[in-house]
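Enquirer: requesting a structural model of the entry that follows:
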Amino acid sequence: MTGLSTLFRRYRAARGGNIAITTALTAPLVILSLGLGVDFGAMALQKRQAQNAADLAAIVAAARPSDAEEIVAEHFLANNLNILVRRSDGLLTPRGDLLALDSRTQPLYDGIAVVERGRYVADPTAAVGQRFVADATPADAVRVVIEEPAKTYFSGLFASAPSLAVRGTASAQKYAAFSLGSRLASVQDGLANAILGGLLGTKISLKAMDYRALADLDVNLLKTMDTLATDLKLTALTYDELLKTDITYGQLLTALGKTTGITPNVQAILNTLGKSLGKTALKLRLERLAHLGSIGNNLVGSNDNLSVTASVLELVNAAAVAANGGNQIAVDLGAGIPGLAEVKLKVAIGEPMVDTPAIRVGGVNSMVRTAQTRLTLDTSINGLAILAGLKIHVPLYIEVASAEARLADIRCTGHGSADATVAVDVVPAVAEVALGDVNPNAFQNFSSTPRVTETRIVDSLLLKIWAKAHVTAANLQPTRMSFSASEIAAHQLKTVSTRNTLTSLVTTLLKNLDLRIDLLGLPLATNANVQSALASALAPVTAPIDELLYNTLLLLGMRVGEADVRVSAVRCSNPVLVQ
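Expert: Below is the predicted model of the structure:
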C-alpha cells in the first residue's frame, strides 16, 4: 500500500506532457471554431452575392413587369447563375425549360427565385417596407426574392445547412409635367388691360381678341427657356440655374416671341406688349413660375423633348404677378360695368411659395398651387323705389385661398410612357366674402386676416343705413382626376367644378345683410319698406358683380370652386432599385 501511495503522489506531482494533453483536449474546439468562422464568412459572401443577383434581377424585370419571370430567367442565364424561377405552373430554368414544382432535379440548382409584381409609391410618410404593394395593378414595380441553401464546409457535419433569403425591389423612375391654372372663357379687354397694366406698372391697350389669341396658343416652357438662354448668352448652365437667374419681363416676352410654334399674330401681340413696357424694367425669376424636378439638373437644351406646356397668356400673366412682387393693383373702372354706377377694384396677391409654382415637373406627391389673393370691390348702385335718387355704396372684401393640385399617381406599364396614366388630386380655391370696411394697412399683410367692420352703405340727410355681412365657403375635399395617355398627348385641360361657388357666395351675402337703419323723416318710410327697397336694388347687381369678380380671378389664374388642371407629359424612365 505504501508503494502505491507513493506512486500516486509522484504521478500527481509530475508536470511532463501537460501541453500535449491540453492541446489534445482543446484542439477539437479550436478546429470547430475555425470551421464555424469559415462557414460564417462563406455564408456572408454568398448572401451578398445573392443580394446583388436579386437587386439586378428586380431592376431588369421592372422594365417590363408583365414578363418578369422570363426576364429574370434570362438575366440568370446571361450571368451564369444556376437559379430557378418559380411560376404558378412550374419552375423555370435559366435556359427556359419548365420543370414541375416538385421536380426531383430541383437540388441540382443553387436556389429558387420568386417574382412579385406590384406597385411602389415613394411616400415618405409610409414605412419603407409598406411602399411596395404586392399584386396591386397595374404593376409598375417588381420584387425578386431569392432563397438558397447556405454553402457550409464544417457545420454541415453536425446540422443541416440553413436557408438564406434575400430580396430586391425596383421600380421604373416616373415623373410628369402638370399645371394648375385657368383658361379664359371670356375677356373684357378693359378689365384685362387694367389688371395686366397694374401688375406691370404701365398702360396696356390690347384688344379682347388679342387676349383670346394668347389664351388659345400653347408653348413648351422648356423651349422658351432654351431661347432665353441663347438671348442672354448663357452657356453650360442647367435649367435650375436658369430658373434662378434674374431676368426682365421684356426679356421673357422676347424669348416667348421666338419660341417654336409661336404664330405671327401672337408674335405681333407680344411685340406690342413689349413696347408698352417703355422704360419699365420689372425683374422676375422663372422659379416663381415653374419647378422642373429631376430634369432641372439637365443642361439647357437637353430637355429630352419633354413637353412642359402652358398657354402664352398663362405665362404672360403669371410672369407679371411674379414681377409685381406682391404690390397692390388699383383699378378704377368708373361706370364701365352695366348695372353698376361706379366700380373701384383693389387686388393684393400673396407671394407664391417657390417650391409650389403653378407649373411643375415631378414625381408622385409633387404639388402645385395658385397664389392666395385678396380683393376689395367698391361699387355704387342707384337706389330704387323710396331709395330713388340715393346711391347705395357696396364695399366687398373677397379673400381667395390657394387652389392646389397634388400628383397622386403615375402608372407605368409594360410599354413605358406610351400608355402611362396619371392621377391628380385637386382642391379648388375657396373664398371668404364680406361686406364692410377693411383696414387698408392689413389688406396686404397675408400673415393675418383683415378685420371687416360695419360700413355705411347709404348716407343722406334723411336716411342712413349701416350694413355688415360675412359668408365663407366650406373647405373642399380633393377630387381625383385621371389622365389617359391620349389625353396627356393632347395636353387636354380638365376642370374640377364643385359648384358655382362665387355666385352662391355673393347672392347669399347680399341677402343676409345685418342692417342698422336710421330714418330721419323720410316720408312714408318704415324700416320694413327701406329693407324691401334695398333688397330690390341689390338683387340685379349680383350678376354684374359676380361676372366682374369671376373675370378678375380668371386673369389672375384662378377660379373659386373650380380648378383647371392638365398633364402635358409623362416619363417612365429606366427602373431603379428602391428597396
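
Enquirer: hey, C-alpha coordinates of stretch 64-78 in PDB?
Expert: Provided in PDB are the C-alpha atoms of stretch 64-78 (Å, rounded to 0.1, in the frame of the first residue of the first chain):
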ATOM      1  CA  ARG A  64     -41.400  45.000 -68.200                       C
ATOM      2  CA  PRO A  65     -43.400  43.700 -65.200                       C
ATOM      3  CA  SER A  66     -45.800  41.700 -67.400                       C
ATOM      4  CA  ASP A  67     -42.900  39.300 -68.500                       C
ATOM      5  CA  ALA A  68     -41.000  39.500 -65.200                       C
ATOM      6  CA  GLU A  69     -40.300  35.700 -64.700                       C
ATOM      7  CA  GLU A  70     -39.000  35.200 -68.200                       C
ATOM      8  CA  ILE A  71     -36.800  38.300 -68.000                       C
ATOM      9  CA  VAL A  72     -35.400  37.200 -64.600                       C
ATOM     10  CA  ALA A  73     -34.600  33.700 -66.000                       C
ATOM     11  CA  GLU A  74     -32.800  35.300 -69.000                       C
ATOM     12  CA  HIS A  75     -30.800  37.500 -66.600                       C
ATOM     13  CA  PHE A  76     -29.700  34.400 -64.600                       C
ATOM     14  CA  LEU A  77     -28.600  32.700 -67.800                       C
ATOM     15  CA  ALA A  78     -26.700  35.700 -69.000                       C
END
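
Enquirer: what lies in contact with it?
Expert: 53, 56-57, 60-63, 81-83, 85, 87, 92-96, 113, 115, 117, 139-142, 144, 413-414 (CB atoms under 8 Å, 6 or more residues apart in numbering). For glycine as for every other residue, the C-beta is placed from the backbone atoms N, C-alpha and C.

Enquirer: can you give me the buried ones in it?
Expert: Of the residues in stretch 64-78, 64-65, 68-76 count as buried by neighbour count, 16 or more other CB atoms under 10 Å.

Enquirer: what are the pairing partners of the longest strand seen in the chain, and which direction each?
Expert: Longest strand in the chain, counting residues (DSSP state E): strand 163-181. Strand pairing for strand 163-181, using DSSP bridges, gives strand 141-149 (antiparallel), strand 359-362 (antiparallel), strand 562-577 (antiparallel).

Enquirer: quick one: closest of those strands to L256.
Expert: Distances from L256 to each of these were compared by CB to CB, and the smallest falls on strand 359-362, at 14.1 Å.

Enquirer: list the contacts of L375.
Expert: Counting by CB under 8 Å, 6+ apart, L375 touches 345-348, 396-400, 549, 552.

Enquirer: hmm, 6 Å instead?
Expert: Residues in contact with L375 (CB atoms under 6 Å, 6 or more residues apart in numbering) are 347, 398.

Enquirer: got the domain ranges for this structure?
Expert: 23-171, 176-573 (automatic domain parsing).

Enquirer: quick one, which of the ones you listed gets closest to Q579.
Expert: It's domain 23-171; of those, that one is closest to Q579 (CB to CB) at 3.8 Å.

Enquirer: all strands for the stretch 51-200 of the chain, in order.
Expert: 83-87, 90-92, 98-99, 111-120, 132-134, 141-149, 163-181 (DSSP state E, counting those that start in this stretch).

Enquirer: quick one: which of the ones you listed is nearest F443?
Expert: Comparing those under CB to CB, the one sitting nearest is strand 163-181, at 24.7 Å.

Enquirer: and the closest one, how far out from the chain middle?
Expert: Centre-to-centre, strand 163-181 and its host chain are 17 Å apart (CA atoms, centre = their mean, to the nearest Å).

Enquirer: and it with strand 111-120, angle?
Expert: Calculated by axes from the mean of the first three to the mean of the last three CA atoms, to 10 degrees, strand 163-181 forms an angle of 20 degrees with strand 111-120.

Enquirer: quick revisit: could I get the domains of the chain as CSV with mean pLDDT and distance to S5?
Expert: Listed next are the domains of the chain as CSV, based on pLDDT from 0 to 100; distance: least, CB to CB, whole Å:
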stretch, mean pLDDT, distance to S5
domain 23-171, 82, 28
domain 176-573, 84, 90
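
Enquirer: could you identify which of the ones you listed is most buried?
Expert: Highest mean neighbour count of the domains of the chain: domain 176-573, a mean of 19 (counted as mean count of other CB atoms under 10 Å).

Enquirer: re the thing from before, could you export the strands of the stretch 51-200 of the chain as a markdown table, including distance to M225?
Expert: Shown next, in a markdown table, are these (distance: least, CB to CB, whole Å):
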| stretch | distance to M225 |
| --- | --- |
| strand 83-87 | 46 |
| strand 90-92 | 49 |
| strand 98-99 | 53 |
| strand 111-120 | 31 |
| strand 132-134 | 36 |
| strand 141-149 | 32 |
| strand 163-181 | 13 |
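
Enquirer: which of the ones you listed sits closest to S448?
Expert: Once these are compared by CB to CB, strand 163-181 is nearest, at 25.8 Å.

Enquirer: show the contacting residues for L390.
Expert: Counting by CB under 6 Å, 6+ apart, L390 makes contact with 383, 458, 460.

Enquirer: oh sorry, the question was meant for L191
Expert: By CB under 6 Å, 6+ apart, the residues touching L191 are N551.

Enquirer: make 619 the first number, not 1, from now on.
Expert: Done: numbering now begins at 619, and the last item shifts to L809.

Enquirer: can you name the residues bridging to the nearest residue to L716 once chain neighbours are set aside?
Expert: Using CB to CB, 6 or more residues apart in numbering and skipping residues adjacent in sequence, the residue nearest L716 is G708, 4.5 Å away. For G708, the beta-bridge partners under DSSP bridges are R705.

Enquirer: pretty sure G708 is touching D715, no?
Expert: No. In this structure, G708 is not within contact of D715 by CB atoms under 6 Å, at 9.2 Å.

Enquirer: that older thread, with distance to Q1095 added, can I get the strands paired with strand 781-799 in a markdown table?
Expert: Shown next, in a markdown table, are the strands paired with strand 781-799 (distance: least, CB to CB, whole Å):
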| stretch | distance to Q1095 |
| --- | --- |
| strand 759-767 | 29 |
| strand 977-980 | 22 |
| strand 1180-1195 | 13 |
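
Enquirer: nearest to I1010, of these?
Expert: strand 1180-1195 (29.9 Å).

Enquirer: name the surrounding residues that touch that closest one.
Expert: With CB under 6 Å, 6+ apart, strand 1180-1195 has contacts from 673, 677, 680-681, 788, 790-801, 924-925, 927, 1021, 1023, 1030, 1034-1035, 1038, 1040, 1042, 1044, 1046, 1101, 1106, 1109, 1111-1115.

Enquirer: reformat the contacts of L1008 as CSV; add distance to I880 and secondary structure.
Expert: Converted to CSV, the contacts of L1008 look like this (distance: CB to CB, whole Å; DSSP: H, G, I helix; E, B strand; the rest coil):
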residue, distance to I880, secondary structure
G1001, 51, coil
V1076, 52, strand
S1078, 56, coil
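
Enquirer: quick one: which of those residues is nearest G954?
Expert: Distances from G954 to the contacts of L1008, taken by CB to CB, are shortest for G1001, at 20.5 Å.

Enquirer: for the stretch 869-1018 of the chain, what spans make up the helices?
Expert: Applying DSSP state H, counting those that start in this stretch to the stretch 869-1018 of the chain gives helices spanning 882-894, 930-942.

Enquirer: got those helices as a markdown table, with distance to E905 columns?
Expert: Below are the helices of the stretch 869-1018 of the chain laid out as a markdown table (distance: least, CB to CB, whole Å):
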| stretch | distance to E905 |
| --- | --- |
| helix 882-894 | 22 |
| helix 930-942 | 9 |
